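[1] predicted model follows, preceded by the sequence.
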Amino acid sequence: MSKNTEFRICPTTGLKVDSAAEKLIKANAVVAIIFLAIGGFFGLLVALTRWPEVHLLPADWFYLALTAHGFDVLLVWIMFFEMAVLYFASAVLLGSRLAGPKWAWVGFGLMLAGAVLTNIVVLQGGSSVMFTSYVPLKAEPGFYLGIILFAVGALIGCFVFFGTLVVAKQERTYEGSIPLVTFGALTAAIIAVFTIASGAIILIPTLLWSVGLVSHIDPLLYKTIWWAMGHSSQQINVAVHVSIWYAIAAITFGAKPLSEKVSRTAFLMYILFLQLASAHHMLVEPGFSSEWKIFNTSYAMYLAVLGSMIHGMTVPGSIEAAQRARGFNKGMFEWLRKAPWGNPAFAGMFMSLVFFGFIGGISGVVMGTEQINMIMHNTLYVPGHFHGTVVAGTTLAFMAITYYLVPLIFRRELMMKKLAQIQPYVFGIGVAGISVFMMGAGTLGVSRRHWDMQFADAILPFDYPSAAFLMMGLNGMFAVLAALGGILFVVVIVSSVFFGRKLAPDEKPSYPEVPPQAAVVSQHGSAEHLRIPGTAMLVAIFFIAFVLYYFVNWKYLSEVWPLS
Amino acid sequence: MAITPPSVRIWWKEPVSKIELSWIIIAFFWGLFMFFMMVYWHGAGEQNLSSEAYQIKPEQYAAKSKAMIDAHTVREENGFPVVRPPPGSDVYLTGRLFNWWPILEFEKDQTYRLHLSSIDVQHGFSLQPVNINLQVHPGYDMVVTIKPDRAGEYGIVCNEFCGAGHHLMVGKLYVVE
């Protein structure tokens, strides 16, 4: 063991916590939340501008704010938080020292420098090219440079994570296999390496092009490789937030995975198939064959979707099994009714699970269907879908686990408990509304990334149906609600982290309240003992919704002009 | 628990419960169904994009478009030529900062080979309220064989961000009996 390593013993879990890892988790989480606040603010400005009756920003500011919003929340907030999760899932869960904390700080510094640089360049106004920066739209060199620095920093973080797994194995800090949550984080880190490599392949030449050293970048090639980064990075998020679902289920209920084998295989499917998702963005581009589109857009016959559908059962299933072992056996849903809905970590986690599946998941599969994509591509349906996955899914899950990080890692008592209690509901319902109403507007044809749906200054007039304006008004209102939820989160967490009462070294935090855990959760994985009728019902409802919605959209497609 | 190493060391030999296994099988076959649904639609459905596309220099595309406009313009509208190409012919629609050029006039239930390209940055062809959305790239000429089946006046919105005047970029398409 390295001579400089200091550990403390966590009074709640008995885990050995490396103080270097703990400092890095704190720093990454705090910076993540700062960028969530900045990016969320830009998002509110965007939503208020797209609310036709408010139409807040002038056009150039709108495109600037939208570029900043995408970068700050989709990339910076999420990646910083994921670094915190990686260090937590390796060093803390395995009771190991962190490999190369100095490297981890270098990575952190690069990420921070990159994030600040790109933000400054975007705010200067010459780089309102959207987060995707499709060539030949050209941003200032600093825009690309910032993203590259950020990605290099994240890559270093991934290797610190891998190194920590090796250290823990060599120093025998744990027995047997790594925990499921660590396994999920490992899949995320592996996907991250692929993602960052794709980003480097396309963004380094683009940087050279923006300074004039490369004369031409093919727009179709750019898009294909950019999305090998852009969409795969969403798969990092999925792997991480699913891991967080399992972690919160474990911390809150002592829940065991129903079957280690099934859950780990489901994670493995992400690694094997999720990278094909770049094709989701290429379904209405010139020149791709249908065979290529069908194979790639379906992740090779929906095997990665299968992975998510499996987690969708095993996570609530493990909670149900744990609750039933504690005696909540009445009827189908007593286990769910008597769940700790006042615990913001659990409430946020469960809403994240439901919204990710029902809103983000189903819409993603439907939109990623080769032919159906043409009635949705680049409409507001697209941001509607990914606010269901990335915000209602990932961001809500990250917020939820933060309620455990504050007492367990920051060692502070959570302040403003009443606000904390309602926060996941305010944010979750707000975001669900944003997603649903954007999808509604998109189904009616409304364009994404567009300043004026009334086309007031266009030479040729066009009017969207009035229902579309209603959708955008509702979207605006729910965006205000989501913003309120976001503000509550930042206020509660930042106050607690900086001004909350310090917990004594051996003090067990009393909040969020965790129900007394069943001494023995029934032997998982064994067919005789497992009874999860409530989960089976939830999964059946999900499946019926999925099938119905899938066919409704084929019906919509069959009504548009024949084309071939 | 999910945050501790598996309690059974040889976890990969544990049996999987029936209920989990049933869901995995259902979900797997649903995935297969959705996969073959896309294949099926290529035979049975009427809305399938071709993969016909060509690399083309923006000047060459502009020249083809100009030849079509010169041959088939029937009137002007707000400074835009309104072009009525013969059914079955090659029609060239150009996306450019910040308009769709020219205005097209099609006959209902006739087939056209619609070419889409850009002469500057990427644009998004969004035919409304039909809601057909296609990506338009500079340097690529995408050919879509299209058959309008309802008469009316249609808008073509640009739905890929293309610059400061993106929201001004609206085109028009007529379908007449």
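    That came through fine. Being a predicted model, the structure only gives us computed values, none of them experimental.
[2] the residue of the stretch 451-564 of chain A found nearest chain B: neighbour count?
    When scored by CB to the nearest CB, the stretch 451-564 of chain A has residue A:462 as its residue closest to chain B, at 3.1 Å. Bear in mind the C-beta positions are built from the backbone N, C-alpha and C, glycine included. Residue A:462 sits with 19 neighbouring residues when counted by other CB atoms under 10 Å in any protein chain shown.
[3] equivalent analysis for residue A:456, please.
    Using other CB under 10 Å, residue A:456 has 10 neighbouring residues.
[4] and residue A:217, by the same measure?
    Using other CB under 10 Å, residue A:217 has 16 neighbouring residues.
[5] which ones are touching residue A:161?
    Residues near residue A:161 by CB atoms under 8 Å, 6 or more residues apart in numbering or on different chains: A:86-87, A:89-90, A:185-186, A:189.
[6] and the two most separated of those?
    Using CB to CB, those span at most 13.1 Å, a distance reached by A:87 and A:186.
[7] of those two, which one has the most company?
    Shown here are residue A:87 and residue A:186; by other CB under 10 Å, residue A:87 has more neighbours (30 against 22).
[8] state the pLDDT value of that one.
    Per-residue confidence (pLDDT) for residue A:87: 98.
[9] quick check: chain neighbours aside, which residue is closest to residue 57?
    If you meant another chain, say so; for now it's chain A. residue A:49 (4.5 Å; CB to CB, 6 or more residues apart in numbering or on different chains).
[10] hmm, I had chain B in mind actually
    Leaving aside its sequence neighbours, residue B:57 sits nearest to residue B:139 (CB to CB, 6+ apart; 7.3 Å).
[11] isn't the one you found right next to residue B:54, touching?
    No. At 9.8 Å, residue B:139 does not count as touching residue B:54 under the criterion of CB atoms under 8 Å.
[12] more neighbours: which of those two?
    A count of neighbours by other CB under 10 Å puts residue B:139 above the other of residue B:139 and residue B:54, at 19 against 15.
[13] residue contacts, that one?
    Contacts of residue B:139 (CB under 8 Å, 6+ apart): A:218-220, B:55-58, B:117.
[14] try it again at 7 Å.
    Residue B:139 sits next to A:219, B:55-56 when contact means CB atoms under 7 Å, 6 or more residues apart in numbering or on different chains.
[15] distance of it from residue A:264?
    45 Å (CB to CB, to the nearest Å).
[16] longest helix anywhere in chain B?
    helix B:18-44 (DSSP state H).
[17] I'd like the distance from it to the chain centre, please.
    Its chain's C-alpha centre and that of helix B:18-44 lie 26 Å apart, by CA atoms, centre = their mean, to the nearest Å.
[18] the helix or strand that it is followed by and chain A, any residue contact?
    Using DSSP states H and E, the helix or strand that follows helix B:18-44 towards the C-terminus is strand B:53-55. Yes. Contact of strand B:53-55 with chain A (CB under 7 Å from any CB of the partner chain) involves residue B:53.
[19] list the helices and strands the helix or strand that strand B:53-55 is followed by packs on?
    In the C-terminal direction, the helix or strand that comes right after strand B:53-55 (DSSP H and E) is helix B:58-72. Using 3 or more CB pairs under 7 Å, 6 or more residues apart in numbering or on different chains; DSSP states H and E as the contact test, the elements touching helix B:58-72 are strand B:80-83, strand B:90-96.
[20] now the ones you listed in CSV, with mean pLDDT and mean neighbour count?
    Putting these into CSV (pLDDT from 0 to 100; neighbours: other CB atoms under 10 Å in any protein chain shown) gives the following:
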stretch, mean pLDDT, mean neighbour count
strand B:80-83, 98, 20
strand B:90-96, 98, 22
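[21] neighbours around the one residue in the stretch 251-400 of chain A that gets nearest to chain B, how many?
    Proximity of the stretch 251-400 of chain A to chain B (CB to the nearest CB) peaks at residue A:302, 3.1 Å away. Look at residue A:302: counted by other CB under 10 Å, it has 24 neighbours.
[22] just the pLDDT for the closest residue to it other than its chain neighbours.
    Excluding its sequence neighbours, the residue lying closest to residue A:302 (CB to CB, 6+ apart) is residue B:31, at 3.1 Å. Residue B:31 carries a pLDDT value of 96.
[23] which residues touch residue B:31?
    Counting by CB under 7 Å, 6+ apart, residue B:31 has contacts A:301-303, A:305-306.
[24] again, 8 Å this time
    Contacts of residue B:31 by CB under 8 Å, 6+ apart are A:298, A:301-303, A:305-306.
[25] ok, and the most crowded of those?
    Of all the contacts of residue B:31, the highest neighbour tally under other CB under 10 Å goes to residue A:298, namely 27 neighbours.
[26] report how many residues lie close to the residue lying closest to that residue once chain neighbours are set aside.
    Once flanking residues are discounted, residue A:298 sits nearest to residue B:35: 5.0 Å by CB to CB, 6+ apart. Neighbours of residue B:35 under the rule other CB under 10 Å: 20.
[27] from memory residue B:35 sits against residue A:293, does it?
    No. Between residue B:35 and residue A:293 there is no contact under CB under 8 Å: 11.8 Å.
[28] my guess is residue B:156 contacts residue B:125, does it?
    Yes. Between residue B:156 and residue B:125 there is a contact at 6.3 Å, judged by CB under 8 Å.
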